[in-house]
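Novice: Sequence plus predicted model, see below.
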Amino acid sequence: MRTNRLQLLSCVPPALLVAAVLAAQADAASAPIRRLPDGKPDISGYYMTDAGGANYGLEAREYEFLTPASRGHIVDPPDGKLPYLPWARAEKNERALPHRGYDDPTAHCFVAGVPRSMYVPAPLQILQPPGYVVILHERMSYRTIPLDGRAHLPDNIRLWQGDSVGHWEGDTLVVDTRNLNGKTWLNEYGDVVSHAETVVERFIPVDADTVTYRATITDPLVYSRPWTIEMPLQRQPEELLEVACHEDNADLQHLKEVRDAYRAQQAKEKRP
């Protein structure tokens with residue numbers, strides 16, 4: 001008589017099954033950092049960011065109508081609040097209103113920028129060809145990060161994803177990004193950056209399948225001081241899929257209708 005795997009498991013006390021699962025998870029978490037032949041960490045692979053709603057707000061916030069909650073990702077300042085200048089906080093609050101959803105560049109298939117590309121709810125792939133780190137985002141963008149110490153592009157060249165250069169500090173990959181064009185939003189809730197934004201990212205390997213992502217944003221036109229976010233990247237046994245931004249997507253038309261209805265109402269109220 002054959003005994004299948006489910007029959008065997010049914011004979012095991014539930015407490016022992018739970019203990020076995022926890023032990024397996026602990027073993028995976030304690031697996032050593034993967035390394036390349038030159039000794040540098042091997043962080044290549046497919047990842048999903050444990051973003052906890054960052055694409056809907058970097059400050060902690062509760063669920064609102066049609067807008068998911070965010071657990072908050074700001075580790076500096078300690079109060080978890082973005083150090084906005086008054087005009088920028090007002091602009092962010094305005095962007096959170098329904099009629100401004102049409103203005104989010106990602107709604108029009110522009111790329112998300114830095115650091116937003118790292119926490120939109122879609123996977124990414126990291127490659128490590130000699131002398132470079134390459135990040136491929138499923139939402140149709142990429143960054144090629146040279147590690148040879150080259151200078152940034154001239155300041156008059158401005159890009160949606162900016163100009164990134166990197167280096168290793170021990171086991172931490174440090175990426176400095178400048179030359180951003182200031183047109184991106186930090187999330188769907190409308191957090192603000194300008195063309196003065198610079199970003200220093202740190203990819204910190206924790207174990208074989210986890211990388212801590214930490215980014216410090218400096219933008220003196222928008223914020224009174226630099227600020228830092230942090231979240232884990234979890235390696236996944238997956239591959240990137242082909243994504244078409246507008247194919248069968250009616251969301252942009254809906255956002256336009258909301259905006260147009262708001263403008264029509266405003267014009268009506270201004271009539272004598």
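Specialist: All right, it came through fine.
Novice: can you give me the strands in this protein?
Specialist: Counting by DSSP state E, the chain has strands at residues 45-49, 74-76, 124-127, 132-137, 141-146, 163-169, 172-178, 198-207, 210-218, 227-236.
Novice: in the stretch 1-150 of the chain, what spans have low per-residue confidence?
Specialist: When the per-residue scores of the stretch 1-150 of the chain are filtered using pLDDT under 70, the ranges that remain are 1-30, 66.
Novice: Helices along that one, start to end?
Specialist: With DSSP state H, counting those that start in this stretch, the ranges of helices along the stretch 1-150 of the chain come out as 5-10, 14-29, 86-95.
Novice: In a markdown table: the strands of the chain, plus mean neighbour count and distance to D260.
Specialist: Where C-beta positions appear, they are placed from N, C-alpha and C, glycine not excepted. As requested, those are exported to a markdown table (neighbours: other CB atoms under 10 Å; distance: least, CB to CB, whole Å):
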| stretch | mean neighbour count | distance to D260 |
| --- | --- | --- |
| strand 45-49 | 19 | 34 |
| strand 74-76 | 16 | 35 |
| strand 124-127 | 19 | 35 |
| strand 132-137 | 18 | 31 |
| strand 141-146 | 17 | 29 |
| strand 163-169 | 17 | 37 |
| strand 172-178 | 19 | 36 |
| strand 198-207 | 19 | 35 |
| strand 210-218 | 19 | 33 |
| strand 227-236 | 18 | 34 |
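Novice: possible to save the ones you listed as JSON lines with distance to K92?
Specialist: Formatted as JSON lines, the strands of the chain follow (distance: least, CB to CB, whole Å):
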{"stretch": "strand 45-49", "distance to K92": "22"}
{"stretch": "strand 74-76", "distance to K92": "14"}
{"stretch": "strand 124-127", "distance to K92": "26"}
{"stretch": "strand 132-137", "distance to K92": "24"}
{"stretch": "strand 141-146", "distance to K92": "23"}
{"stretch": "strand 163-169", "distance to K92": "25"}
{"stretch": "strand 172-178", "distance to K92": "21"}
{"stretch": "strand 198-207", "distance to K92": "18"}
{"stretch": "strand 210-218", "distance to K92": "14"}
{"stretch": "strand 227-236", "distance to K92": "14"}
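Novice: right, so of these, which gets closest to Y84?
Specialist: Judged by CB to CB, the one of those that comes nearest to Y84 is strand 227-236, at 9.7 Å.
Novice: neighbouring contacts of the closest one?
Specialist: The list of residues contacting strand 227-236 from outside it, by CB atoms under 8 Å, 6 or more residues apart in numbering, reads 45-52, 54, 58, 73-77, 82-83, 115, 119, 123-124, 203, 206, 208-217.
Novice: ok, 7 Å please
Specialist: Taking contacts as CB atoms under 7 Å, 6 or more residues apart in numbering, the residues outside strand 227-236 that touch it are 45-52, 54, 58, 73-77, 82-83, 115, 119, 123, 209-217.
Novice: Check stretch 145-152 too.
Specialist: Contact with stretch 145-152 is made by G131, Y132, V133, V134, D163, S164, V165, G166, H167, V175, R178, N179, as judged by CB under 7 Å, 6+ apart.
Novice: From Q265, how far off is P226?
Specialist: For P226, the distance to Q265 (CB to CB, to the nearest Å) stands at 40 Å.
Novice: Can I get stretch 94-104 in CSV? Just the C-alpha atoms.
Specialist: Once non-C-alpha atoms are left out, stretch 94-104 reads as follows in CSV (Å, rounded to 0.1, in the frame of the first residue of the first chain):
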residue,chain,number,x,y,z
GLU,A,94,-3.4,69.7,-3.8
ARG,A,95,-2.1,66.7,-5.8
ALA,A,96,-3.9,64.3,-3.4
LEU,A,97,-7.3,65.6,-4.6
PRO,A,98,-9.1,63.5,-7.2
HIS,A,99,-8.9,66.0,-10.0
ARG,A,100,-5.1,66.0,-9.9
GLY,A,101,-4.7,62.3,-10.5
TYR,A,102,-4.5,62.9,-14.2
ASP,A,103,-1.3,64.9,-13.6
ASP,A,104,0.7,62.0,-12.3
